[in-house]
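Task: produce atomic coordinates for the following.
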Amino acid sequence: MLSCKYARFSLPKKITYLNCAYMAPLLKSVEKAGIRGVRLKRNPINISPGDFFTTTRLLREAFAQLINANDADRIAIIPSASYGISTVAHNLHLEKGDEIIVAAEQFPSNYYAWERRCSEVGATLRMISPGEGSEPRGKRWNQRILESIGPRTRAVAIANVHWADGTLFDLQAIRSRTHEVNARLIIDGTQSVGAYPFDVEKIQPDALVCASYKWLLGPYSLGLAWYGEWMDEGKPIEENWINRRDSDNFSALINYTVDYMPGAQRYSVGEQSNFILVPMALKAIQQINRWGVDNIQEYCRNITSAAIDTLREKGFEIEELPFRASHLFGIRHPAIKDVDALKHQLLAANIHVSARGTAVRVSPHVYNDEEDLQKLVRVLFKSIG
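Have a look, this model is predicted:
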């Protein structure tokens, strides 16, 4: 069982940071890795041709371990989730009358690429909402998504955990249904991978895309994507030198080739060997692997359970397990009409959360403890009188 890891971070003692879904703070070790990278770059004679490939390979291997992927060549290094999603959309065969299914109000990075692709070919982009009913919101939402998948569905592009309120989508059930209609399953793991268990072998998605700066505890402007075999002969959205075969032979780079590096490496961004960001991302994922994602999720569940029970007693609405994650969840109350105003009340108490739609979004991590959640409870109680 994990203990609080506050000392591993540089968060000020006066603030209560419950906002990892917005942006994770850097581990001290990750910060040091970035500084080492800056110092390395200030004198380029210290960077050898082999350095363009060594750390990126280690990063891909660490991410493969994190998601239980047996082949690190299936992983691409990307600059953002939108880049990774756009790469998939660029390679998905889509015709007029086809459908792409997304969850309502999901993050724009997993929406705009599909909107553009559908508009180009005359396909339909269907946004599925939870609807109304007496059953738990997450249960209704999952059922409506499953019911929406049909013969014209070409892909379901969805998160594991909804970014606004932590709703947990049943990826195994959705995968089973997409298999029945020969549709792709495209996962945006930005708000889950690193804090909520994800197993490529178990889920068998067609693509998994993750930004680094949230639950992977990494830097901004870097991410990772796992792509299935169906994309092995696809077209990248850019052409760069380092993704081509024999690119490690610098003296022969003008011997142009049509062949790419194996697996999904053709989809890695140009200048992927970022000597500052890549070591930072590597150090962060290595630490997550040592802690264990199951342990991180359990820790978040342990420090939030008492606070959630107390809030429910006062009429606050929080989705029941197993229809939400423990590292990210939304809080609603009938008396709260202005979520942004409530967010500012919390800021006045040095409590950092996000306002998303009708919910106060709370997203703790291993640097938090139970007292952080009790501080949140006290301010929320005051907000409803």
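
Tell me the buried residues in stretch 307-327?
Along stretch 307-327, these residues count as buried under the neighbour rule (16 or more other CB atoms under 10 Å): 307-308, 310-311, 316-319, 323-327. Every residue, glycine included, has its C-beta placed from N, CA and C.

Then stretch 63-81?
Neighbour-count burial for stretch 63-81 [16+ other CB under 10 Å]: 63-64, 66-67, 69, 72-81.

Can you check the distance spanned by that stretch, start to finish?
One end of stretch 63-81 sits 15 Å from the other (CA to CA, to the nearest Å).

How about residues contacting whichever strand or helix holds Arg140?
Assigned by DSSP states H and E, Arg140 belongs to helix 137-148. Residues outside helix 137-148 that contact it (CB atoms under 8 Å, 6 or more residues apart in numbering): 101, 103, 126, 128-133, 156, 158, 167-170, 173-174, 177, 319-320, 323-324.

In PyMOL, how would I select just the buried ones from the residues you listed?
Buried subset of the contacts of helix 137-148, written as a PyMOL selection, criterion 16+ other CB under 10 Å:
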select buried, resi 101+103+126+128+130+156+158+167+168+169+170+174+177+319+323+324
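
Select from the contacts of helix 137-148 every entry located in helices.
Among the contacts of helix 137-148, DSSP state H puts 173-174, 177 in helices.

Name the nearest of those relative to Asp206.
Ile174 (11.7 Å; CB to CB).

if I look at Asn240, how far off is Arg60?
16 Å (CB to CB, to the nearest Å).

With neighbour numbers in mind, choose between the two.
Arg60 (26 against 14; other CB atoms under 10 Å).

so the more buried one, which of the three states?
Here Arg60 is helix, with the state taken from DSSP: H, G, I helix; E, B strand; the rest coil.

cool, Asn255 as well?
Under three-state DSSP, Asn255 comes out as coil.

Kindly provide the distance from it to Trp241.
Asn255 sits 11 Å away from Trp241 when distances are taken as CB to CB.

out of these two, which sits in the busier spot?
Trp241 (12 against 9).

Report the contact partners of the more buried one.
247, 253, 270.

right, and the helix or strand after the longest helix belonging to the chain?
The residue-count maximum for a helix in the chain (DSSP H) belongs to helix 293-313. Counting by DSSP H and E, the next helix or strand C-terminal to helix 293-313 is strand 329-331.

Tell me which other helices or strands that following strand touches.
Strand 329-331 sits against helix 293-313, strand 359-362, with contacts defined as 3 or more CB pairs under 8 Å, 6 or more residues apart in numbering; DSSP states H and E.

Could you rerun that using 6 Å?
Applying 3 or more CB pairs under 6 Å, 6 or more residues apart in numbering; DSSP states H and E, we find strand 329-331 packed against strand 359-362.

Which residues does the strand it packs on contact?
Residues outside strand 359-362 that contact it (CB atoms under 6 Å, 6 or more residues apart in numbering) are 18, 165, 329-332, 353-354.

Farthest pair within those residues?
Pairwise distances across the contacts of strand 359-362 peak at 16.1 Å for Leu18 and Arg332 (criterion: CB to CB).

Asn142: neighbour count?
Every residue meeting other CB under 10 Å relative to Asn142 is counted, giving 22.

With the one 5 residues further on instead?
Glu147: 10 surrounding residues under other CB under 10 Å.

and the gap between it and Ser176?
As judged by CB to CB, Glu147 and Ser176 stand 14 Å apart.

same deal with Lys375?
From Lys375 across to Ser176, the span is 42 Å (CB to CB).

One more: Glu105?
Between Glu105 and Ser176 the distance, using CB to CB, works out to 25 Å.

do Arg301 as well
According to CB to CB, Arg301 and Ser176 sit 27 Å apart.

and if you look at Ser109?
Applying CB to CB, the value for Ser109 to Ser176 is 26 Å.

Between those two, which has more neighbouring residues?
Taking other CB under 10 Å, Ser109 and Ser176 do not tie; Ser109 has more neighbours (20 against 14).

who touches the more buried one in this structure?
Counted by CB under 6 Å, 6+ apart, Ser109 has contacts 81-82, 85.

Name the nearest of those relative to Asn368.
Taking CB to CB as the measure, Asn368 lies nearest Ala81 of the contacts of Ser109, at 24.6 Å.

pLDDT wise, what is the closest one at?
If you check Ala81, the pLDDT there is 98.

Do a quick rundown of the strands in the stretch 101-250 of the chain.
124-128, 153-159, 184-188, 207-211, 223-227 (DSSP state E, counting those that start in this stretch).

can I get those in TSV with distance to Asp338?
Converted to TSV, these look like this (distance: least, CB to CB, whole Å):
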stretch	distance to Asp338
strand 124-128	25
strand 153-159	27
strand 184-188	29
strand 207-211	29
strand 223-227	34
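
Now tabulate those strands in JSON lines and tack on distance to His365 and mean pLDDT.
What follows is the strands of the stretch 101-250 of the chain, written out as JSON lines (distance: least, CB to CB, whole Å; pLDDT from 0 to 100):
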{"stretch": "strand 124-128", "distance to His365": "29", "mean pLDDT": "98"}
{"stretch": "strand 153-159", "distance to His365": "18", "mean pLDDT": "98"}
{"stretch": "strand 184-188", "distance to His365": "19", "mean pLDDT": "98"}
{"stretch": "strand 207-211", "distance to His365": "16", "mean pLDDT": "98"}
{"stretch": "strand 223-227", "distance to His365": "19", "mean pLDDT": "98"}
